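**Student:** how would this look folded up:
(one chain, ligands or ions: 1)
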Amino acid sequence: MAEKHHDLSTAPGIWSLRQLPEMDEAQFSQWRTLLEHRTGMTLTRERKSFLETNVGIRMREIECNSYQAYYEKIVSGNEAVVEWGILVDRLTVQETRFLRDPDAFRLVSDYILTRPREVLKRRPLEAWSVGCSTGEEPYTLAMLLNESMTQLDLPPLFGVTGSDISKPAIEKARRGQFSARKLIGMDENLKTRYFRPAERNTVEIVESIRQRVCFTRLNVLDLKQAPMHGMNIIFCQNLLIYFRRWRRREIVKRLAERLAPGGLLVLGQGELTDWQPPGLQRVPSENVLAWIRRQSDEE
Ligand SMILES: C[S@@+](CC[C@H](N)C(=O)[O-])C[C@H]1O[C@@H](n2cnc3c(N)ncnc32)[C@H](O)[C@@H]1O
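**Tutor:** Here you go, the predicted model:
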């Protein structure tokens, strides 16, 4: 008698066990185009399995069994906006940490410490972390601005804005609560001054710093709509690396427009090569890619 096999994939409730087929070339190209058009991120061929895995996980969650049907859900219909918001969070790389690029943060501190005192007293400093992920970068900026102001014996007159395309990342950033492991290797002084132990092996950012940092959801392709102007510091690291060169230039040009005269723009090392953004002057540094907006009409 022939052995009886159970087809688990068709049994109710365990649809999720079914294997999704490989994405064919046309489907990959369609998804890749959509992602680049909406976020700027280019997906290399090597990242096809990353796309398949993450789109696949989401499709299983909502019991959708064809890439095409899911694509339609993303581009049209009542739930398209919400569904896209969920998917984009899964497709973006959100790796980040406190003080990720120590040289860049040192440059920021030196920049503040060498500003004319009267300028620092006259108007609160505004900093912006573009593509801030879960908040480690803007909180680092806030801690360092606070350190610098303390060193200068000035009141902590500054604000930091973090923006990102991912809603869950922004929500996590707003909570200001992190795994205690995230502080491993951090200077003890910074740890004790800026973090408090919280529930279940987590730490939270102290209130005085949280109050100075706000978060907003913003697609960097929509900078025209961004209300940020007159920024003293713009920090944009590990976001443009996923973009084409022409788009990086476009975005940097737009970010430069949002700087106050004399303001500082910091990118990740190697993120923009062979090009000088108009109106900006390169900061001489071997380890940090940064520019200052020309001071002609500064304060
Ligand atoms: C690798 S993280 C970098 C985080 C932080 N800047 C750092 O260097 O540690 C890249 C972030 O860029 C965000 N991102 C990707 N595309 C974006 C877009 N079009 N607009 C705004 N944020 C975007 C992602 O959601 C992710 O949080």
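
**Student:** now do the helices in the stretch 101-250 of the chain.
**Tutor:** Secondary structure of the stretch 101-250 of the chain by DSSP state H, counting those that start in this stretch: the helices cover 102-113, 117-122, 136-151, 167-175, 188-194, 207-210, 245-257.

**Student:** show me which positions of the shortest one end up buried.
**Tutor:** Neighbour-count burial for helix 207-210, counted by 16 or more other CB atoms under 10 Å, picks out 209, 210. Glycine gets a C-beta too; all of them are placed from N, C-alpha and C.

**Student:** what do you get for stretch 233-244?
**Tutor:** 233, 234, 235, 236, 237, 238, 239, 240, 242, 243.

**Student:** residue 36: what's it in contact with?
**Tutor:** Residue 36 sits next to 42, 43 when contact means CB atoms under 8 Å, 6 or more residues apart in numbering.

**Student:** now do 7 Å
**Tutor:** By CB atoms under 7 Å, 6 or more residues apart in numbering, the residues touching residue 36 are residue 42.

**Student:** same check on residue 138?
**Tutor:** Residues counted as contacts of residue 138 (CB under 7 Å, 6+ apart) are 129, 132, 160, 162, 213.

**Student:** can we see that at 10 Å?
**Tutor:** Listed by CB atoms under 10 Å, 6 or more residues apart in numbering, the contact set of residue 138 reads 127-130, 132, 160-164, 173, 209, 212-215, 235.

**Student:** in space, what's closest to it - neighbours in sequence excluded?
**Tutor:** Sequence neighbours aside, residue 162 is the residue nearest to residue 138 in space, at 3.6 Å (criterion: CB to CB, 6 or more residues apart in numbering).

**Student:** where's that neighbour relative to residue 59, distance?
**Tutor:** In this view, residue 162 and residue 59 are 31 Å apart by CB to CB, to the nearest Å.

**Student:** which stretches in this protein count as strands?
**Tutor:** Taking DSSP state E, the strands of the chain run over residues 125-130, 158-164, 177-179, 195-198, 202-205, 213-217, 231-236, 259-267, 280-282, 289-293.

**Student:** run a quick neighbour tally on residue 247.
**Tutor:** 17 (other CB atoms under 10 Å).

**Student:** low pLDDT regions in the stretch 1-150 of the chain?
**Tutor:** 1-18 (pLDDT under 70).

**Student:** and residue 286, how many neighbours does it have?
**Tutor:** 6.

**Student:** renumber starting at 31 from here on
**Tutor:** Let's use 31 as the start, then, which means that last one is residue 316.
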